[in-house]
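# Structure, please.
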Amino acid sequence: MIKIEKVQHNYPKGLSLKFPDWEIGDMEQWLLLGASGSGKSTLLNHISGLLKPSKGKVFIEQTDIYSLGNKKMDRFRGQHIGIVFQRPHLIRSLSVLENLEIAASMAGVAVDKERNLALLAELGLETKANIYPDQLSQGQLQRVSVARALVNKPDLLIADEPTSSLDDDNAERVLKMLSSQASNHGAALIIATHDNRVRSHISKTYTL
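Residues are numbered from 1 along each chain as shown. Alright, predicted model coming up:
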């Protein structure tokens, strides 16, 4: 269960954003909708523990995440939240498999090489485990990002504008992949987007 209560973000010079309360049940899938600049990324950063709100609370599995200290917050996020950023942010000097392994070790989770290889195989990357990010296509990099987000068995999978630079066919493929991977691994899913093509894939919507 993910819950945000009375969350507000204050910008310099007095501007503030107030976000409607939101509850996300186990394994539910939601779209976070809104035009560019409406605050989608800010809200995602609040939900994922990357940016403390000026007011309000965020609960994940009954834990008030902003009651945690910085180190505990980092570890909690690594164990409970998987994030697929707009850009892959993979470590270029590490292989694909090593990028998955470091995600586990940084979260204090035991490295499970067999599971990591199975994840890569599930995403059609079984031959890429020992390849470096610079040797992958954009689509392959995105799939590695999904694998990395799932490596620690998160309760919540977040994707920020995953289709913004994709054509229709690839957008369809990525959306199906995110939805099926979240379902297969028992995670709730939030996709933040202003892409109208996404609306037909997931029925639950939270709009800014």
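
# drop to CA atoms for contacts and neighbour counts, all remaining ones
OK.

# Identify the single longest strand in this structure, thanks.
With secondary structure taken from DSSP state E, the chain has its longest strand at strand 2-10.

# any idea of the mean pLDDT in that strand?
For strand 2-10, mean pLDDT is 95.

# List the buried residues in the helix or strand following it.
Using DSSP states H and E, the next helix or strand after strand 2-10 towards the C-terminus is strand 16-18. Across strand 16-18, burial judged by 16 or more other Cα atoms under 10 Å covers 17, 18.

# neighbouring contacts of strand 16-18?
6, 7, 8, 9, 10, 39 (Cα atoms under 8 Å, 6 or more residues apart in numbering).

# Highest neighbour count among those?
residue 7 (21 neighbours; other Cα atoms under 10 Å).

# Quick one: residues contacting that residue.
18, 19, 20, 21, 53, 54, 55, 56, 57, 58.

# Quantify the burial of the fifth one by counting its neighbouring residues.
So the one you mean is residue 53. 22.

# Could you check how far it is from residue 202?
Look at residue 53 and residue 202: by Cα to Cα, to the nearest Å, they are 27 Å apart.

# same check, this time on the last one
Residue 58 sits 23 Å away from residue 202 when distances are taken as Cα to Cα.

# Show me what the helix or strand harbouring residue 73 is in contact with.
Element membership of residue 73 [criterion: DSSP H and E] is helix 70-80. Residues outside helix 70-80 that contact it (Cα under 8 Å, 6+ apart) are 48-49, 65-66, 103-104, 106-109, 152-156.

# So which of those residues is surrounded by the most neighbours?
residue 156 (30 neighbours).
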